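[1] take a look and give me a structure for this.
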Amino acid sequence: MKETALAEITLRKYEKPSGLQQRDLIKKVCLSLGLLQEADSRDVVTDLLQVLIENSKEKKALTSFEIKDLVEKNRKEHNLELRGIAESNIRRQLKKLKDLFLVESNNNKYQITEFMPLSHLFEKNIKNFYLQNIVERIEEYLKVLDEK
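    Prediction:
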């Protein structure tokens, strides 16, 4: 029997979202979905998601190079350090978003999955599919354990 997880998800609950600026709201979403750790100073995934959300409104897909440039611009506008904006890190963060079914890529361009609202993607892909499959497997283990 393998000890390698087939799926893994981290979810966190924070206070209700009120009075937050867009970047802070996106950062809370990233924290809530386990894309970012609380003490993490490298929060480039926040800017990356913000760039994708903004371009999703225009139904525009972006290359990783375009994303990197827009992330850099966004971080400068918010007077943030430019740490974590290396191309390799941008691709790593994009993979995290893809693994949660929030982002898709076609022809080396990335976009919010089907340009859909994130709340819909969370409901459809994370809550009803990904999380449900994990919960069902845990229940299988518990039933077998109960029978022993």
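[2] the longest helix in the chain is where?
    Assignment by DSSP state H gives helix 132-147 as the longest helix of the chain.
[3] same question for that helix, mean pLDDT?
    Averaged across helix 132-147, pLDDT comes to 96.
[4] do the same with stretch 16-34
    On average, stretch 16-34 scores 95.
[5] got the buried residues for the host helix or strand of Glu104?
    According to DSSP states H and E, Glu104 maps onto strand 103-106. In terms of neighbour count (16 or more other C-beta atoms under 10 Å), strand 103-106 has its buried residues at Val103, Glu104, Ser105. Just so you know, the C-beta spots here come from the backbone N, C-alpha and C atoms, and that holds for glycine as well.
[6] re the thing from before, contact partners of the longest helix of the chain?
    Here helix 132-147 makes contact (C-beta atoms under 8 Å, 6 or more residues apart in numbering) with Leu6, Ala7, Ile9.
[7] roughly how far out does stretch 34-49 sit from the chain middle?
    9 Å (C-alpha atoms, centre = their mean, to the nearest Å).
[8] and the end-to-end length of it?
    End-to-end distance for stretch 34-49, by C-alpha to C-alpha, to the nearest Å: 14 Å.
[9] now do the one helix or strand Asp69 maps to, average pLDDT.
    Per DSSP H and E, Asp69 falls inside helix 64-77. Here helix 64-77 scores 95 as its mean pLDDT.
[10] which helices and strands does it pack with?
    For helix 64-77, the packing partners by 3 or more C-beta pairs under 8 Å, 6 or more residues apart in numbering; DSSP states H and E come out as helix 44-56, helix 87-99.
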